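A.B. asks: Prediction below, plus the sequence it came from.
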Amino acid sequence: MSTWDIYDALIEGIPDDVIVGDVVIGAELTYVQIDGGGGVAPYRPYWQRAPQYNGNKIGKPLKEIAELVKSWNFIEASVGNAAIVAWYNHPENAQKNGVEIPKQGRVEGRLKDPFINSQNEIRGKKVCVVGHFPFIEGLFEPVCDLSVVEWDPGPGDYPYNACDFLLPECDFAFITCAAIGDKSLPRLLELSGNAEKVAIVGPGTPLAPQFFDFGVGDLSGFVINDPEMARRIASGAEFQRIYAAGTKVNFLASSSK
């Protein structure tokens, strides 16, 4: 098995005839728009490697742009990640794969928050969260043995290479979607092989059933309902959380069609 297998599986599921309508690289997120939808992805601030694609991405096949997720220029890789999200998180495609999307569009984010929803499930367990998500200590520390790993660690966080020691011993693993673009995801999933459940979390999580073949049990992602608003937020033209442009959703392996 190749470490690229996950990426190849995601790219292969994108049709050849879908065209990129727009691309935005914002201060925190990249955004790729297609007909009727869009996708966002975070990025690591690493651009020392030159981009592998210098042409105009707008008007190109989405599948071709999705290939950029393999780039070692992490901003460019984020564009590839967002292209993958644009396809799998498109409302029509997500629903075909088994994702339930509330009809009212925007819902209270807490209803789909993976950490709030997991508080009973993880009670008394060893939990490793890769990525320092807001409010994670307040939600998890009272109910479980919590370890938080962060790429750029703050006070109390473990450094990223602690994953090799913490993940094999955890019962539950929550992995940031940023691990897709920085290429650590295959290794993190391998290290989480003993966990009862592995979740990928964040707005840049592709709602792709292919992940379930690699040990992931829960995809906690985001479906954009208002692509133009998402574009404005990603570009900085409108100051809102990206979740204002859509709906948080959960996609469980047991729900996949």
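C.D. replies: Thanks, I have it.

A.B. asks: which residues of the stretch 51-200 of the chain score low on pLDDT?
C.D. replies: Applying pLDDT under 70 to the stretch 51-200 of the chain flags the ranges 103-110.

A.B. asks: how about the helices of the stretch 101-250 of the chain, start to end?
C.D. replies: Taking DSSP state H, counting those that start in this stretch as the criterion, the stretch 101-250 of the chain carries its helices at 114-117, 136-140, 163-166, 178-181, 185-191, 227-235.

A.B. asks: Can you name every helix or strand that the fifth one contacts?
C.D. replies: Contact here means 3 or more CB pairs under 8 Å, 6 or more residues apart in numbering; DSSP states H and E; on that basis helix 185-191 packs against helix 5-12, helix 163-166, strand 172-176. C-betas here are computed from N, CA, C, even on glycine.

A.B. asks: Let's have these in CSV, adding mean neighbour count and distance to Gly36.
C.D. replies: As requested, the helices and strands packed on helix 185-191 are exported to CSV (neighbours: other CB atoms under 10 Å; distance: least, CB to CB, whole Å):
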stretch, mean neighbour count, distance to Gly36
helix 5-12, 18, 20
helix 163-166, 16, 37
strand 172-176, 26, 27
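
A.B. asks: Among these, which comes closest to Lys112?
C.D. replies: strand 172-176 (14.3 Å; CB to CB).

A.B. asks: strand partners of the closest one, parallel vs antiparallel please.
C.D. replies: strand 126-130 (parallel), strand 197-201 (parallel) (DSSP bridges).

A.B. asks: So what's the gap between that strand and the chain middle?
C.D. replies: Here strand 172-176 shows a centroid-to-chain-centroid distance of 11 Å under the convention CA atoms, centre = their mean, to the nearest Å.

A.B. asks: my read: Asp145 touches Cys128, true?
C.D. replies: No: judged on CB atoms under 8 Å, Asp145 makes no contact with Cys128 at a distance of 9.5 Å.

A.B. asks: Let me know which of the helices of the stretch 101-250 of the chain is the nearest to Gly215.
C.D. replies: helix 185-191 (5.3 Å).

A.B. asks: how about the helices of the stretch 101-250 of the chain in a markdown table, adding distance to Gln48?
C.D. replies: As requested, those are exported to a markdown table (distance: least, CB to CB, whole Å):
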| stretch | distance to Gln48 |
| --- | --- |
| helix 114-117 | 33 |
| helix 136-140 | 30 |
| helix 163-166 | 23 |
| helix 178-181 | 15 |
| helix 185-191 | 21 |
| helix 227-235 | 23 |
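
A.B. asks: before we move on, the earlier item: what about the helices and strands packed on helix 185-191, which gets the closest to Ile122?
C.D. replies: strand 172-176 (5.1 Å).

A.B. asks: List the contacts of Glu169.
C.D. replies: With contacts defined as CB atoms under 8 Å, 6 or more residues apart in numbering, Glu169 is in contact with Lys126, Asn194.

A.B. asks: separation between it and Gly124?
C.D. replies: 15 Å (CB to CB, to the nearest Å).

A.B. asks: residue nearest the centroid of this protein?
C.D. replies: Thr205 (2.2 Å; CA atoms, centre = their mean).

A.B. asks: of Asp145 and Cys128, who's got more company?
C.D. replies: Applying other CB atoms under 10 Å to Asp145 and Cys128 shows that Cys128 carries more neighbours, namely 28 against 15.
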